[in-house]
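K.L.:
Predicted model follows, preceded by the sequence.
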Amino acid sequence: MISLAHAQTAAPAASGMEMVQQFLPLIIIFILFWFMLIRPQMKRAKEQKRMLSEIQKGDEVITASGQVGKVAKIGEQYVSLEIADGVITHVQKQSIQTLLPKGTIKGL
């Protein structure tokens with residue numbers, strides 16, 4: 001009634017070259033992922049941080065929401081923007097996206 005189980009012979013071990021060939025597509029995908037996504041994002045973040053640290057009173061900026069204004073006052077976390085004569089708004093420093101050349105607001 002009960003048949004004997006026969007052990008199957010083990011598959012031959014993969015050589016080093018076969019292992020490399022198996023992992024090569026994963027390695028290539030990781031390298032492409034690094035150069036196309038991670039590295040540019042890190043570069044952008046570094047440039048944004050540098051730009052935020054260099055902002056001075058009187059600079060013209062654009063916020064993430066699209067407000068254009070002149071920096072009236074700078075704090076550690078917040079910046080006061082003059083968006084019109086006598087109209088000042090307070091925005092988070094991280095929301096500043098672009099530093100504009102001087103005189104850009106007059107041209108709008």
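P.N.:
Perfect, I can see it now. This structure is a prediction, so every number in the text was calculated from the model and none was measured.
K.L.:
which is the next helix or strand following the lengthiest helix in the chain?
P.N.:
Counting residues, the longest helix in the chain under DSSP state H turns out to be helix 16-33. Counting by DSSP states H and E, the next helix or strand C-terminal to helix 16-33 is helix 39-53.
K.L.:
can you list the domain ranges for the protein.
P.N.:
With domains defined by automatic domain parsing, the chain comprises 17-54, 56-100.
K.L.:
With respect to burial, which of these scores highest?
P.N.:
Each of those was scored by mean neighbour count; the highest is domain 56-100, a mean of 14, by mean count of other CB atoms under 10 Å. Every C-beta, even on glycine, is put in place using the N, C-alpha and C of the backbone.
K.L.:
and the spatially most central residue of the chain, how far is that from residue 105?
P.N.:
By CA atoms, centre = their mean, the mean C-alpha position of the chain lies nearest to residue 41, the distance being 3.4 Å. Distance, residue 41 to residue 105, by CB to CB, to the nearest Å: 30 Å.
K.L.:
For stretch 79-96, give the mean pLDDT please.
P.N.:
For stretch 79-96, the mean pLDDT works out to 95.
K.L.:
pull the helix or strand with minimum mean pLDDT from the chain.
P.N.:
helix 16-33 (a mean of 88; mean pLDDT, DSSP states H and E).
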